[in-house]
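**Q** sequence isn't available, so here's the structure alone:
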């Protein structure tokens, strides 16, 4: 049927597997407001659901035509004639409230893209009544620095925006050749879809490990009915009328195991995670950090709540840096040690680099490492924690805003100057060399980083520990790899 109606073969454009509200319809002609649905055997078991679906589609102004698979397979000519008759009759949008034929809608007016394809120029000069943007103001602001959008924008808004920008330039209204300096296509947060397996021609469902013994059809099931891979059968049976009398072939332990697949998060796949539940259980900052922690910005990542607890623990550890074991706010004005300053400025350097490169996931990892190191040092010093708090603020604004207030500030943390790292705190003055004898590390010795090899060799040979392992023998060779290792060959 699709081969007979696609590419406007009947005079009107049809779309296949098109979303209308929460439904995915088989075929739809938007212009004539006609939906075509094909019903296989399964629809004999869900007539009430199909009726409800038709009612909703009618409320959206669509006429619904239904054909059985057998009609299409054996009487395609008759099916096409019925579709043609419907196309040639006035559509719902061409009729009045009483069904009388009105003038048809004009469908070739200026598209909505026109307004959204040059708005940034108007943003530069919104109150100008003589031109949409003054030339001097354009010269000041120039192009948009960053355009961030999904990959679907490449053939939508991004394409139109570039076209309009070039057209406006050719007409002499703007100076920019391209509208955007940098483009980033962020990846999707993918969902973990769950499936039940219905034995074909029945209302019986077989558990995932046993489905190979039957001919089955996989059906999406709401992820809220599934704990791990185990289906809550009662919730499933109460979900839809046609499932109330469903039967189940279970695992030996009496459970029903669902199948799993990583897909685009979508209502039609029943795999959408409600962020309100995450916020209620873990807080908004945890949700924000975890989304960034999932992986690189440009890649699609599967959503898996099993990893969210690690981010939640990090925020608790960060909070504890500012509090004692009794939960009392406890930050001192003591001078920071060289080790603490090194940890702070290493983190600040990494954060600044990653923000410029949109590598937010590695920034979160760096914050975790920093919090662990400062916790092990029991650091509660203001000149360490205060700049660290500012650096974390764009990622976890709520907890840092509260800590900022506890630190004695009356204005928002987002009015504070973002801290910069100082390389002098990252310079290493000494190095702890592992000393290897017979291929194994037997000792460690610390030397200034600029110590000559001869001095290191002499100190190693005089070491009581090394003399013990060499048993008084004169080493054949001592290999010193600067700021790496010392290897004693006996």
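**A** Structure's in. What do you need? Just so it is clear, the structure is predicted and the values come from calculations on it, not from any experiment. Numbering: from 1, shown residues only.

**Q** ok but residue 434 is inside a strand, no?
**A** Yes. According to DSSP: H, G, I helix; E, B strand; the rest coil, residue 434 belongs to a strand.

**Q** what ranges in the stretch 51-200 of the chain fall below the confidence cut-off?
**A** 91-112 (pLDDT under 70).

**Q** which stretches in it count as helices?
**A** Secondary structure of the stretch 51-200 of the chain (DSSP state H, counting those that start in this stretch): helices located at 69-74, 76-88, 113-116, 119-124, 135-141, 157-170.

**Q** distance from the chain centre to the fifth one, please.
**A** Using C-alpha atoms, centre = their mean, to the nearest Å, we find the averaged C-alpha position of helix 135-141 to lie 35 Å away from the chain's own average C-alpha position.

**Q** could I get the buried residue list for that helix?
**A** residue 138 (16 or more other C-beta atoms under 10 Å). Every residue, glycine included, has its C-beta placed from N, CA and C.

**Q** averaged pLDDT, stretch 420-438. What do you get?
**A** Mean per-residue pLDDT for stretch 420-438: 86.

**Q** give me the buried positions along that stretch.
**A** 421, 425, 433, 435, 436, 437.

**Q** and the second one, how far from residue 338?
**A** To tie it back to what came earlier, the one meant is residue 425. 7 Å (C-beta to C-beta, to the nearest Å).

**Q** ditto for the third one
**A** For residue 433, the distance to residue 338 under the criterion C-beta to C-beta works out to 19 Å.

**Q** do the same with the fourth one
**A** Per C-beta to C-beta, residue 435 is found 24 Å from residue 338.

**Q** and residue 272, by the same measure?
**A** From residue 272 over to residue 338 (counting by C-beta to C-beta), the distance is 50 Å.

**Q** repeat for residue 459
**A** 23 Å.

**Q** the two: which is more packed in?
**A** residue 459 (16 against 9; other C-beta atoms under 10 Å).

**Q** hang on, that one in a helix?
**A** Yes. According to three-state DSSP, residue 459 belongs to a helix.

**Q** assign a three-state SS to the closest residue to it other than its chain neighbours, would you?
**A** Excluding the flanking residues, the one nearest residue 459 by C-beta to C-beta, 6 or more residues apart in numbering is residue 445, at 6.6 Å. Following three-state DSSP, we place residue 445 in the strand state.

**Q** contact partners for residue 445?
**A** 432, 433, 435, 456, 459, 460, 463, 486 (C-beta atoms under 8 Å, 6 or more residues apart in numbering).

**Q** just those now: which is nearest residue 379?
**A** Among those, residue 432 lies closest to residue 379 (C-beta to C-beta), at 21.2 Å.

**Q** nearest spatial neighbour of that closest one, chain-adjacent residues omitted?
**A** residue 446 (4.7 Å).

**Q** distance of the one you found from residue 139?
**A** 59 Å.

**Q** cool, and residue 53?
**A** Counting by C-beta to C-beta - residue 53 and residue 139 are separated by 56 Å.

**Q** for the strand of greatest length in the chain, packing partners?
**A** Counting residues, the longest strand found in the chain (DSSP state E) is strand 189-199. Counting by 3 or more C-beta pairs under 8 Å, 6 or more residues apart in numbering; DSSP states H and E, the packing neighbours recorded for strand 189-199 are strand 204-206, strand 216-221, strand 259-264, strand 301-302.

**Q** list the buried residues of stretch 3-18.
**A** 5, 10, 12, 14.

**Q** of those, closest to residue 145?
**A** Nearest member of the buried residues of stretch 3-18 to residue 145, counting by C-beta to C-beta, is residue 14, at 41.4 Å.

**Q** can I assume that closest one is in contact with residue 26?
**A** No. Applying C-beta atoms under 8 Å, one finds residue 14 not in contact with residue 26, separated by 9.8 Å.

**Q** do you know how far the residue nearest to the spatial centre of the chain is from residue 208?
**A** Note on the chain: the residue nearest the mean C-alpha position is residue 189, at 3.6 Å, using C-alpha atoms, centre = their mean. Remark: distance between residue 189 and residue 208 (C-beta to C-beta) = 25 Å.

**Q** tell me the contacts of residue 358?
**A** 184, 297.

**Q** quick check: angle from the longest strand of the chain to strand 259-264?
**A** Put simply, strand 189-199 runs at 140 degrees to strand 259-264, going by axes from the mean of the first three to the mean of the last three C-alpha atoms, to 10 degrees.

**Q** how distant is strand 189-199 from the center of its chain?
**A** The answer for strand 189-199 is 19 Å, by C-alpha atoms, centre = their mean.

**Q** with stretch 360-372 instead?
**A** Worked out by C-alpha atoms, centre = their mean, stretch 360-372 lies 18 Å from the chain centre.

**Q** buried set for that stretch?
**A** 360, 361, 362, 363, 364, 366, 367, 368, 370, 371.
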